[in-house]
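Q: Following is a predicted model, sequence given first.
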There are 2 protein chains.
Amino acid sequence: MTQTGKANGGSDDRPQYVRIGDQLRDRIARGDYAVGALLPTEGELCEEFKISRHTVREALRLLTDAGLIQRRQGSGSRVLAAQPHQNYVHAMRSLDQLFLYASDTRFVIRDMSVAVPEPTLFPEIGGDGAEWLIVRGLRLERDEDIPICDSTVMVNAAYAGIADVLAEGSGAIYRLIEDRYGIEVLEVVQDITVSPITAQAAKSLGKKKDDAAVQVRRRYLGTDGSVILASVNHHPTDRFSYTMHLRREGAKRSWV
Amino acid sequence: MTQTGKANGGSDDRPQYVRIGDQLRDRIARGDYAVGALLPTEGELCEEFKISRHTVREALRLLTDAGLIQRRQGSGSRVLAAQPHQNYVHAMRSLDQLFLYASDTRFVIRDMSVAVPEPTLFPEIGGDGAEWLIVRGLRLERDEDIPICDSTVMVNAAYAGIADVLAEGSGAIYRLIEDRYGIEVLEVVQDITVSPITAQAAKSLGKKKDDAAVQVRRRYLGTDGSVILASVNHHPTDRFSYTMHLRREGAKRSWV
DNA sequence: CGTTCAAATATGTCCGGACAAATTATCCGG
DNA sequence: CCGGATAATTTGTCCGGACATATTTGAACG
């Protein structure tokens, strides 16, 4: 077969690997290959489409990058999803940027203890009598004593050893845990709601007891699905602002 | 050179292309190749590292996938960033899922007009006397008349033609625009704040005039940076909840 | 100096081959 | 039937080659 940069013939000038990749993607979407099932092997695809193994692999790579399949040496290519996800990326260098404050801040620790958390603190967690390292504090503007939010952090007891190195300005707690224990935060679930302010937060933030507060609750999950860390932040409503920039993943950038 | 699955010698069992890719990444981080500058060509890298073009390309692909470089046929490989972004993905099939409501909803249009928007509506937009298609309405639970939020949408006048096809339940407005005009929403900027409720929203949502409301403001930007669409939603604080799941990009999934 | 065109350059696509490494299947013995 | 060893299978890594395509560079000309 003549080697061409693009496929010959017809009005389709897409590269072969793109055409084959699209065909496979369509088959997956149609259910020809069920989620969880294996695709034909590289060899079988070479025979079916009369192309080199290289081209098959490039096509499969497109599917892999799209999150549709997962490949494993010795096993084959398994379908992960029937439809590609259109990812909009909240690009960050790290989770530090998940919540950007208007200016630099510092975290002042008010209290730290290993205890069974109150059931209302994080209902989805606890309730089984297990102890957590509970860190209570206040986040302030760096150079001024303006409180930004009242914060309570629950650290999985398995990582309670970081209590030794927790200090004001010591950086994000989840990072301390990642570094100290060599683990990785895989996923973060963040909930934002508005609710009556707690007595503690009202006191810390200089608010009245019948004021409302914005609650930002986060769970940091590890690779095994366990909760590494959870936090509840109470923000005064009149000083709360949360901005996200979501950008379509894989969008072409101009060359200039 | 003997062809091996992994590099020979020493304690480093990473594939060659990973090692070379890491070396190049380190050089970029150190500033050996400035942002905006070109990397050595494939040929030069082949000579320097004494490896095949295939392996060079695999290494460069790692850098490309990490967002560090951008490659262009005939030109070379240009450095985009000195540090890789650690992307946490808010995976969505589309922007429809940017804001998930607890249940199915419908959008009831109350008013539609082409006009110059009030300056307070979206201060970052307008203010230049330009007209926009302004759509005011209410988002309700699908089968009940419980208002979820009061909504005002400003559509760029270039796409005002969609007024013809706007109807209750006609789906997301940005999608109508994308489909009708063949354009693409590249980025969304979303701001969440809490502020005094507007008179209009108080009336729509059955709230008192001195209540607060959660404001969710969004700008949908096109590939040229222009604002395609902007929206302001007022949610009653006692019924507002926003959940995000952010997952580390490229995280390995278990095979089973 | 600016424009046009051809040549050189640099990446993109596709082929084929070989060996390595991981997994799966099969066979045999207890 | 179960466990261990071996063979077969499947993907991963790396080599080399060839042609296509897009861009850049340099030379010639007005």
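A: The structure has been received and is ready for your questions.
Q: could you pull out the strands for the stretch 1-150 of chain A?
A: Assigned by DSSP state E, counting those that start in this stretch, the stretch 1-150 of chain A shows strands spanning A:69-72, A:76-79, A:86-92, A:105-115, A:132-141, A:147-156.
Q: what's the angle from the longest one to strand A:147-156?
A: Following axes from the mean of the first three to the mean of the last three C-alpha atoms, to 10 degrees, one obtains 40 degrees for the angle between strand A:105-115 and strand A:147-156.
Q: Can you name every helix or strand that strand A:105-115 contacts?
A: strand A:132-141 (3 or more C-beta pairs under 8 Å, 6 or more residues apart in numbering or on different chains; DSSP states H and E). Quick note: C-beta positions are derived from backbone N, CA and C, even for glycine.
Q: May I have the strand it packs on exported as CSV, CA atoms only?
A: Backbone C-alpha positions of strand A:132-141 (Å, rounded to 0.1, in the frame of the first residue of the first chain) are rendered in CSV as follows:
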residue,chain,number,x,y,z
TRP,A,132,-10.3,12.1,63.5
LEU,A,133,-7.7,14.7,63.9
ILE,A,134,-9.9,17.8,64.2
VAL,A,135,-8.2,21.2,63.5
ARG,A,136,-10.2,24.3,64.1
GLY,A,137,-9.0,27.7,63.0
LEU,A,138,-9.5,30.9,61.2
ARG,A,139,-8.3,32.0,57.8
LEU,A,140,-7.2,35.6,57.8
GLU,A,141,-5.9,38.1,55.3
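Q: strand partners of that strand, parallel vs antiparallel please.
A: Strand A:132-141 sits in its sheet next to strand A:105-115 (antiparallel), strand A:147-156 (antiparallel), going by DSSP bridges.
Q: rewinding a little: lowest average pLDDT across the strands of the stretch 1-150 of chain A?
A: Here the lowest mean pLDDT among these goes to strand A:86-92, at a mean of 66.
Q: on that earlier part again, need the winner for burial among the strands paired with strand A:132-141.
A: Ranked by mean neighbour count under mean count of other C-beta atoms under 10 Å in any protein chain shown, the strands paired with strand A:132-141 are led by strand A:147-156, which reaches a mean of 23.
Q: outside of it, which residues touch it?
A: If you take C-beta atoms under 8 Å, 6 or more residues apart in numbering or on different chains as the criterion, strand A:147-156 is touched by A:101, A:105, A:107, A:117, A:121-122, A:125-126, A:132-141, A:162, A:173, A:177, A:198, A:200-201, A:204-206, A:216, A:226-236, A:239.
Q: rerun that using 7 Å as the cut-off
A: Residues outside strand A:147-156 that contact it (C-beta atoms under 7 Å, 6 or more residues apart in numbering or on different chains): A:101, A:105, A:117, A:121-122, A:125, A:132-141, A:162, A:173, A:200-201, A:204-205, A:226-235.
Q: so what are the domain limits for chain A?
A: By the assignment in automatic domain parsing, chain A contains the domains A:16-79, A:95-239.
Q: For DNA strand C, find the nearest of these.
A: Among the domains of chain A, domain A:16-79 comes nearest to DNA strand C, with 2.3 Å by C-beta to the nearest atom of the strand.
Q: Now do the end-to-end distance for that closest one.
A: 21 Å (C-alpha to C-alpha, to the nearest Å).
Q: can it be found next to DNA strand C?
A: Yes: interface with DNA strand C: domain A:16-79 contributes A:16-18, A:51-55, A:58, A:72-75 (C-beta under 7 Å from any atom of the strand).
Q: which ones among these are found in helices?
A: Mapping the residues of domain A:16-79 next to DNA strand C onto helices (DSSP state H) picks out A:Gln16, A:Tyr17, A:Val18, A:Arg53, A:His54, A:Thr55, A:Glu58.
Q: How about the third one, nearest residue that isn't a chain neighbour?
A: When you say that, I think you mean A:Val18. The shortest distance from A:Val18 to any non-neighbouring residue, by C-beta to C-beta, 6 or more residues apart in numbering or on different chains, is to A:Leu62 (7.0 Å).
Q: Count the residues that sit near that neighbour.
A: A:Leu62 has 17 neighbouring residues, counting by other C-beta atoms under 10 Å in any protein chain shown.
Q: go on, A:Leu186?
A: Neighbour tally, A:Leu186, other C-beta under 10 Å: 18.
Q: Then the one 5 residues further on?
A: By other C-beta under 10 Å, the residues close to A:Asp191 number 15.
Q: closest one to A:Arg25 among the strands paired with strand A:132-141?
A: strand A:147-156 (39.8 Å; C-beta to C-beta).
Q: buried stuff in the helix or strand just after the closest one?
A: Next helix or strand after strand A:147-156 toward the C-terminus (DSSP states H and E): helix A:173-181. For helix A:173-181, a neighbour-count test (16 or more other C-beta atoms under 10 Å in any protein chain shown) marks A:Ile173, A:Tyr174, A:Leu176, A:Ile177, A:Glu178 as buried.
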